[in-house]
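Asks: any chance you could fold what I've pasted below:
(2 chains)
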Amino acid sequence: KAGVTQTPRYLIKTRGQQVTLSCSPISGHRSVSWYQQTPGQGLQFLFEYFSETQRNKGNFPGRFSGRQFSNSRSEMNVSTLELGDSALYLCASSFRGGSNQPQHFGDGTRLSIL
Amino acid sequence: DQQVKQNSPSLSVQEGRISILNCDYTNSMFDYFLWYKKYPAEGPTFLISISSIKDKNEDGRFTVFLNKSAKHLSLHIVPSQPGDSAVYFCAATGVSSYKLIFGSGTRLLVRP
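Replies: From the prediction side, this is the model:
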């Protein structure tokens, strides 16, 4: 069974640019969540989607946005990139989200801002 | 406000011995707890979870204990193997929360 697939694995951008990251969940999973991992802040929740609807959002500025498609694939977008956006961005999926079912993670996209 | 805390940044144990990783939480609304293992350059791998209606869950060498009154959970690995060397994160979530709150992680080193 294929796991969560994230593309690209590595990305280098400059300040002010925008970026789009992609996530394909495990087949049959309809909930997709995004997390940011940095050395200083650890793993922090960005947002969660289910059936193309955002159900929860973390404490990130509006420059961070996402969407989910009818096939459950998801994208997240970061506009006007800042140096502090350099991080590992992780996507996770589960059947329907919420309690009593684990989220399974992809290997992430490493975003570096110059 | 750290709702999930892992107070030990690192732990070193001898191969074959028990590894005990600890985690504390503050939010009494959490009802589902998970442990993940993470190697460098990879995403977190789900290990084991426990619902708040239980106090113990086992899966092979891994056992998670939950003490709700103390708001404390622990992961026991017996016997520890060198391949278990990684960073371990505990995480928690609540009903209709749809998000995981992570601890800061504990780096486990299992010495041969």
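Asks: for the rest of this, base every contact and every neighbour count on C-alpha atoms.
Replies: OK.
Asks: tell me the contacts of the spatially closest residue to residue A:73 that is not a sequence neighbour?
Replies: Distances taken as Cα to Cα, 6 or more residues apart in numbering or on different chains place residue A:24 nearest to residue A:73, at 4.7 Å, with adjacent residues excluded. Contacts here follow Cα atoms under 8 Å, 6 or more residues apart in numbering or on different chains; on that basis residue A:24 touches A:4-6, A:72-74.
Asks: what about the closest residue to chain A within chain B, how many neighbours?
Replies: Nearest to chain A in chain B, going by Cα to the nearest Cα, is residue B:43, at a distance of 4.0 Å. A total of 22 residues lie near residue B:43 under the criterion other Cα atoms under 10 Å in any protein chain shown.
Asks: and the nearest residue to it once chain neighbours are set aside, how far from residue A:22?
Replies: Of all residues not flanking residue B:43 in the chain, residue A:107 sits nearest, at 4.0 Å (Cα to Cα, 6+ apart). Counting by Cα to Cα, to the nearest Å, the gap from residue A:107 to residue A:22 is 12 Å.
Asks: for the two, list the residues in contact with both.
Replies: Counting by Cα under 8 Å, 6+ apart, the residues touching both residue A:107 and residue A:22 are residue A:6.
Asks: neighbour count for the two, which is higher?
Replies: It is residue A:107, of residue A:107 and residue A:22, that has more neighbours when counted by other Cα under 10 Å, with 24 against 21.
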